[in-house]
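> Here you go, sequence then predicted model.
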Amino acid sequence: MPDDVMAAVLRLRGVTAGHQHPGWLPHATLGRRVWREQLQDAVDAVGSGDEELVLTGLRRWDPDREEVRPLTGEARPELPS
């Protein structure tokens, strides 16, 4: 992450409230309101086929409840399909 980008993010965080985490977490949002059946299409849209995409975690952000739910790992809940 370039220093100037990180500095800009930290300045922005300083003037906003309500952050769950103390620092900015690098991430990529593939889409909003992506149904389970559409997830592979969203992942396919990211790469060109020759690049390797390594997912280290997958979470669901519920903007209405302002909750994050892990979808991978040991704490993964079963979500309704």
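It's in. Numbers count the residues shown, from 1 in each chain.

> average pLDDT for stretch 71-81?
Taken as a whole, stretch 71-81 has an average pLDDT of 58.

> An error on my part: the question was meant for stretch 10-25.
According to the model, stretch 10-25 has a mean pLDDT of 69.

> cool, and stretch 36-55?
The model assigns stretch 36-55 a mean pLDDT of 75.

> Pull out the buried residues from that stretch.
Of the residues in stretch 36-55, none has enough neighbours to count as buried (16 or more other C-beta atoms under 10 Å). (Glycine included, C-beta is placed from N, CA and C.)

> Now do the end-to-end distance for that stretch.
16 Å (C-alpha to C-alpha, to the nearest Å).

> What of stretch 39-56?
End-to-end distance for stretch 39-56: 16 Å, by C-alpha to C-alpha.

> Where is the longest helix in the chain?
Scanning the chain for the helix with the most residues, using DSSP state H, yields helix 3-14.

> Which of the helices or strands spans V43?
helix 39-46 (DSSP states H and E).

> Mind giving me the packing neighbours of that helix?
Applying 3 or more C-beta pairs under 8 Å, 6 or more residues apart in numbering; DSSP states H and E, we find helix 39-46 packed against no helix or strand.

> helix or strand right after that helix?
strand 59-62.

> what's that next one packed up against?
strand 67-70.

> Note down every partner strand of the strand it packs on and its orientation.
strand 59-62 (antiparallel) (DSSP bridges).

> Quick one: mean pLDDT over the strand it pairs with.
In this model, strand 59-62 has a mean pLDDT of 80.

> Which residues does it contact?
Residues from elsewhere that reach strand 59-62 (C-beta atoms under 8 Å, 6 or more residues apart in numbering): E67, V68, R69, P70, L71, L79.

> Return the set of buried residues in that strand.
Buried-residue list, strand 59-62, by 16+ other C-beta under 10 Å: empty.

> Please export the C-alpha coordinates of that strand as PDB.
Taking C-alpha atoms only, strand 59-62 is exported to PDB below (Å, rounded to 0.1, in the frame of the first residue of the first chain):
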ATOM      1  CA  ARG A  59     -17.200 -12.300   5.100                       C
ATOM      2  CA  ARG A  60     -20.700 -11.100   4.700                       C
ATOM      3  CA  TRP A  61     -21.400  -7.400   5.500                       C
ATOM      4  CA  ASP A  62     -25.000  -6.600   6.400                       C
END
